[in-house]
Every structure is written in structure tokens, then in C-alpha cells.
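Colleague: Got a predicted model here, sequence first, then my questions.
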Amino acid sequence: MQTTTKEAMLRGVILAGGLGTRLYPLTKVTSKHLLPVGNEPMIFHSVRQLTAVGITDILIVTNPSYVGNFVNVLGSGKDFGCEFTYRVQEEAKGIANALALAEGFAAGERIVVLLGDNIFESSIEQVVSDFHAQPAGARVLLKKVDDPQRYGVATLNGNRIVKIEEKPKHPKSDYAIVGVYFYDSSVFDIIRTIEPSSRGEYEITDVNNVYINRAQLEHSFLKGKWVDAGTFDSLAEAHQILLNRKE
């Protein structure tokens, strides 16, 4: 993918915190993001998604228990043709809380945020191009799923998202928000305005709803298979997706 000067300024953030309790006892050994998927540690997939579209400044956010493991596995980024920065999320207080740690790294530039346990069959290249075409705001990816109550769920009115609900008991659609988010620099100011949810977490859904209220949230539909590899069944599915993917 060829990048303009503007596109080259897009920075990548991979969120790889969390304790992975649903994958215990595997996560007693290491972070779930370092478990093997396909032929490599899981987090390699997110790194390669970013470097494949020319993003070479990448921040890894993890928790205190595993930061040394990530540095040992990933190093400086030289082997991937990129440069890694590492930050530690001291407490598991949600995606938005983890993303707040990226403000200094972002340095006023646009960012793409990947959840490190999300595995995709397809590239994010077209979505990156679509995001660069936006004058401002944010962009999310949607995927039709059979169990939307497990995710943030988008309510659509025509070609616009009008609301996102976090893990609703009675979803208003079957379009889940995928674990890839695109934000302009105002995201950090927005994070400072949100309050913890009933789960005690700073929800990325609340951030996205602020963008909706500003009429600044765009979306794309994800092509190909996608899995949130947080359970034994989904980890096995992620393994097959990467083994069978055609490069």
C-alpha cells in the first residue's frame, strides 16, 4: 500500500492488557495475546495488520504482569520494520482507560486502535483509506454476528450509526462493533469527559457515542471472518482462520 505524507502520520495502538481469565490455565503461563495462533504469537497478527498498511510507529499497552514478556517477544520492532513503544495499564479499567495512555504517543496525530485478541481474515487497508478521506472524527468497523449481545451493538438508520449499546440484553441489530477503531486527536479530550460504567470500566462505547452525537462517526463493514479470541473455542477458530488465510 502506498502512503502519502498524511497517511504516514497515522500511528498504531495495540491494546493487549487484561488477564484472560476465560483462557486459564493457559494465561497462568503468559498473556493471552502471546498465545500461539496460526504459526505465531497472537499479537503478531495485529502488528502485521498495521505494518502492512505502512504504519510503523506502534504503541503496545499491556498490564504490569506481562510487560517484560512482550518486550522479550517483540523487542524494539526491528524484526517487523517498525518501532515499538510500551505503556503499562496499572488496573483493568476498560478499553478507553487503556487508550488514554496513548495520548503522548499519538502526539496530536490520528490513530488506529486494535484489540490484540481480535483476529481478521482480511486486511484493514481499505478502511485506512476511508478514514484518511474523512475530514475529522472517528470510524468503526461493523460485522453481522449471531450473538450480538456479547459485543457493542450498532443501531443503524439508513447509512448512519445512531447509537451503540454495550452488551445489550436485547440487541436492536445484529451488527457488532469489531475491535478496530480509528480516531482523530480529539479522542483523548472525549475520554476525559466519560464516567465509569456500572462495570466500573471506562467504555469505548461511550467514547464512540460522543462521536455519534457530534455527527462525526463513520463506519465500514468488515469483509471476511473475524473472531475475538478470548475463549478456548474462539482461540481454536482464530487458529484456523490464520492457518487457512491466503496471503
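Modeller: Great, that's in hand.

Colleague: Using PDB, write out the CA atom coordinates for the longest strand seen in the chain.
Modeller: The longest strand of the chain (DSSP state E) is strand 175-183. Written as PDB, here are the backbone C-alpha positions of strand 175-183 (Å, rounded to 0.1, in the frame of the first residue of the first chain):
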ATOM      1  CA  TYR A 175     -24.200  -5.600  13.800                       C
ATOM      2  CA  ALA A 176     -21.300  -5.900  16.300                       C
ATOM      3  CA  ILE A 177     -18.600  -3.300  16.700                       C
ATOM      4  CA  VAL A 178     -15.300  -5.000  15.700                       C
ATOM      5  CA  GLY A 179     -12.100  -4.500  17.800                       C
ATOM      6  CA  VAL A 180     -10.600  -1.900  15.400                       C
ATOM      7  CA  TYR A 181     -11.200   1.800  16.000                       C
ATOM      8  CA  PHE A 182     -10.000   4.900  14.100                       C
ATOM      9  CA  TYR A 183      -9.800   8.200  15.900                       C
END
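
Colleague: now Ile124: how far from Gly77?
Modeller: 19 Å (Cβ to Cβ, to the nearest Å). Where you see a C-beta, it was placed from the backbone N, CA and C, and this is true even at glycine.

Colleague: More neighbours: which of the two?
Modeller: Legend: neighbour count by other Cβ atoms under 10 Å for Ile124 and Gly77, higher for Ile124 (23 against 17).

Colleague: any idea which helix or strand carries the closest residue in space to the more buried one that isn't next to it in sequence?
Modeller: Excluding its sequence neighbours, the residue lying closest to Ile124 (Cβ to Cβ, 6 or more residues apart in numbering) is Gln49, at 5.6 Å. Using DSSP states H and E, Gln49 maps to helix 42-51.

Colleague: Now do the next helix or strand after that helix against helix 42-51, angle only.
Modeller: As assigned by DSSP H and E, the chain's next helix or strand after helix 42-51 is strand 57-62. Relative orientation of strand 57-62 versus helix 42-51 (axes from the mean of the first three to the mean of the last three Cα atoms, to 10 degrees): 150 degrees.

Colleague: who does strand 57-62 touch, helix- and strand-wise?
Modeller: strand 11-15, helix 42-51, helix 67-74, strand 83-88 (3 or more Cβ pairs under 8 Å, 6 or more residues apart in numbering; DSSP states H and E).

Colleague: Can you name every helix or strand that the longest strand of the chain contacts?
Modeller: Packed next to strand 175-183, using 3+ Cβ pairs under 8 Å, 6+ apart, are strand 111-115, strand 118-120, helix 125-133, strand 138-144, strand 152-157, helix 204-213.

Colleague: what's it in contact with?
Modeller: 110-115, 117-118, 120, 124, 127-128, 131, 138-145, 148, 150-154, 156, 164, 204-205, 208, 222, 226, 228 (Cβ atoms under 8 Å, 6 or more residues apart in numbering).

Colleague: Could you rerun that using 6 Å?
Modeller: By Cβ atoms under 6 Å, 6 or more residues apart in numbering, the surrounding residues in contact with strand 175-183 are 111-115, 118, 131, 138-145, 148, 151-152, 154, 222, 226.

Colleague: So how do I select the buried members of those in ChimeraX?
Modeller: Buried residues within the contacts of strand 175-183, by 16 or more other Cβ atoms under 10 Å, are selected in ChimeraX with:
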select :111,112,113,114,115,118,131,138,139,140,141,142,143,145,148,151,152,154,222,226
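
Colleague: got the buried residues for the helix holding Gln49?
Modeller: Buried residues in helix 42-51, counted by 16+ other Cβ under 10 Å: Met42, Ile43, Phe44, His45, Ser46, Val47, Gln49, Leu50, Thr51.

Colleague: With stretch 151-170 instead?
Modeller: Buried residues in stretch 151-170, counted by 16+ other Cβ under 10 Å: Tyr151, Gly152, Val153, Ala154, Thr155, Ile161, Lys163, Ile164, Glu165, Glu166.
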